[in-house]
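K.L.:
Build me a structure from this.
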Amino acid sequence: MNTLIIYASLHGCAKKCAFLVTNLLEGNYKLINLKKEYEVDFSKYKNIIIGGSIHTGHINPCIKDFCKKHENELVKKNIGVYLCFMDPVEKGDYYISSSFSQKFVNHIKIKGYFGGEFDFDKMTFFEKLFVQKTTKINQSISKIDPKKIQNFCLKMNALISSN
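P.N.:
Prediction:
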């Protein structure tokens, strides 16, 4: 069955993770960057993966708006959600519950918290300043966890093969 992977990325972490997911995902898939493409024919997909990054405690607004607009179609599908963030993994469930409606959250089958990145080359001056002040990190760093991506994909593949 076809799988749709939808992501929005500010500095590239969620995009990088979307491509890592495609390398491990079984079956056919379509990848959509919400910053370039917004309309979807949901009838073609049984499984939908939604990915985004958390910045200053909030998910990318493109993801939030898309899920709100299409909630009735999305909750009819098998939903997997992955988030990229630098906070402790324990914050993942909080970020999901604060980013989406309870109806949507209740329909998520698989959650993945992949870690995150600070890419100083892609940040504005004020973003760099904020990161430096709040984290004491002053250079680019990646804490994407390939094992968490692999575990997410194993669960998605089991869900896909059970359709």
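
K.L.:
From here on, just use CA atoms for contacts and neighbour counts.
P.N.:
Noted.

K.L.:
how far does the longest helix seen in the chain sit from the chain's center?
P.N.:
Scanning the chain for the helix with the most residues, using DSSP state H, yields helix 146-161. For helix 146-161, the gap between its own C-alpha mean and the chain's C-alpha mean amounts to 14 Å (C-alpha atoms, centre = their mean, to the nearest Å).

K.L.:
Dump that helix to PDB, restricted to CA.
P.N.:
This file holds the C-alpha atoms of helix 146-161, laid out as PDB (Å, rounded to 0.1, in the frame of the first residue of the first chain):
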ATOM      1  CA  PRO A 146      19.800   6.700  13.400                       C
ATOM      2  CA  LYS A 147      18.600   3.900  15.700                       C
ATOM      3  CA  LYS A 148      15.500   5.900  16.600                       C
ATOM      4  CA  ILE A 149      14.800   6.400  12.900                       C
ATOM      5  CA  GLN A 150      15.400   2.700  12.200                       C
ATOM      6  CA  ASN A 151      13.000   1.700  15.100                       C
ATOM      7  CA  PHE A 152      10.300   4.100  13.800                       C
ATOM      8  CA  CYS A 153      10.600   2.600  10.300                       C
ATOM      9  CA  LEU A 154      10.500  -1.000  11.600                       C
ATOM     10  CA  LYS A 155       7.200  -0.200  13.200                       C
ATOM     11  CA  MET A 156       5.900   1.600  10.100                       C
ATOM     12  CA  ASN A 157       6.900  -1.300   7.900                       C
ATOM     13  CA  ALA A 158       5.000  -3.700  10.200                       C
ATOM     14  CA  LEU A 159       2.000  -1.500   9.900                       C
ATOM     15  CA  ILE A 160       2.400  -1.200   6.100                       C
ATOM     16  CA  SER A 161       2.700  -4.900   5.700                       C
END
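
K.L.:
So what touches the longest strand anywhere in the chain?
P.N.:
What stands out as the longest strand in the chain, according to DSSP state E, is strand 47-55. Strand 47-55 has contacts (C-alpha atoms under 8 Å, 6 or more residues apart in numbering) with 1-10, 13-14, 18, 59-60, 63, 74, 77-85, 95, 116, 160.

K.L.:
Could you tell me which of those residues are located in strands?
P.N.:
Counting by DSSP E, the contacts of strand 47-55 contribute 3-8, 59, 78-84 to strands.

K.L.:
Closest to residue 39 out of these?
P.N.:
Relative to residue 39, the closest of these is residue 6; by C-alpha to C-alpha it sits at 10.9 Å.

K.L.:
Might one say that that closest one is in contact with residue 36?
P.N.:
No - at 11.0 Å, residue 6 does not count as touching residue 36 under the criterion of C-alpha atoms under 8 Å.
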